[in-house]
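Trainee: how would this look folded up:
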Amino acid sequence: MDLKPLITLLAIVNPLAIVPFFIHYTQGFSGAQRRRTIQVAAFSAFCVIAACALLGLQILDFFNISLQSFQVGGGMLLLISAMNMLNAQPAEAKPHTHDLEEGAEKAAAGSSIAVVPLTIPLLTGPASMSTVVIYADRAQTFWQHAALVGYGVVIGLATAVCFALAEPIARVLGKTGINVMTRLMGLILAALAVEVMAEGLGKLFPVLVGK
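Mentor: From the prediction side, this is the model:
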């Protein structure tokens, strides 16, 4: 079984990096509210990955987008996410939007913040979606597609565990520890992004690989 898709997804989603935001958004929540937020966020992350694994290629066909072009574009998104992580930011962080502030306002108002912004865009944004679609194209059998969906289950469980243990994790690792782990995953993700882009460019421009 190829574990590269799972490693890539864990590096992009990186629920450890979202722990400080989860703690911030859920301040003042009751135990039941926090548990509900964890459940919805974990299930939503699984649903996003499973939907991309099962329907992503059909969506590309509908819009008549070649996978090679998608690989180059997706690789660029991965590289941008890696740069965010190397700066100790969540992979899907958008510096010029107000998702984080809006999430805090929704939490203060008592609204659910599990889907937006925790799941989308902080956990599973464009970079993670494009990654799943790229690996879905490489899946040749039913079991390989099923494995991709299973990786969504792993991501959901990892999210649930990290959020459930958010306060102990924050105490043990601290902000510095979380930042170090985020930067290490960002370095891994940058290498994977270059690999994805190189493969797509090689297929679009065979002359680059001497064909």
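
Trainee: residue 67 contacts residue 137, doesn't it?
Mentor: Yes - counting by Cβ atoms under 8 Å, residue 137 is a contact partner of residue 67 at 5.2 Å. For the C-beta atoms, the positions are set from N, CA and C on the backbone; glycine is no exception.

Trainee: okay, those two: which has more neighbours?
Mentor: Shown here are residue 67 and residue 137; by other Cβ atoms under 10 Å, residue 67 has more neighbours (19 against 13).

Trainee: mind listing what residue 156 touches?
Mentor: Residue 156 is in contact with 42, 43, 45, 46, counting by Cβ atoms under 8 Å, 6 or more residues apart in numbering.

Trainee: hang on, the earlier thing: which residues do residue 67 and residue 137 both contact?
Mentor: With Cβ under 8 Å, 6+ apart as the test, residue 67 and residue 137 both reach residue 57.

Trainee: contact partners for the nearest residue to residue 192 once chain neighbours are set aside?
Mentor: Once flanking residues are discounted, residue 192 sits nearest to residue 8: 5.3 Å by Cβ to Cβ, 6 or more residues apart in numbering. By Cβ under 8 Å, 6+ apart, the contact set of residue 8 is 131, 135, 189, 192.

Trainee: and the two most separated of those residues?
Mentor: Taking Cβ to Cβ, the two most distant members of these are 135 and 189; they sit 14.2 Å apart.

Trainee: more crowded one of those two?
Mentor: A direct count of neighbours by other Cβ under 10 Å for residue 135 and residue 189 places residue 189 higher, at 27 against 24.

Trainee: quick one: the more buried one and residue 82 touch, right?
Mentor: Yes - between residue 189 and residue 82 there is a contact under Cβ under 8 Å: 4.1 Å.

Trainee: just the element for the residue nearest to residue 192, please.
Mentor: Under the criterion of DSSP states H and E, residue 8 resides in helix 4-13.

Trainee: in that helix, what counts as buried?
Mentor: Within helix 4-13, the residues that qualify as buried are 5, 6, 8, 9, 10, 11, 12, 13, counting by 16 or more other Cβ atoms under 10 Å.

Trainee: now do the helix of greatest length in the chain against helix 4-13, angle only.
Mentor: Longest helix in the chain by number of residues (criterion: DSSP state H): helix 166-204. Here helix 166-204 runs at an angle of 120 degrees relative to helix 4-13 (axes from the mean of the first three to the mean of the last three Cα atoms, to 10 degrees).
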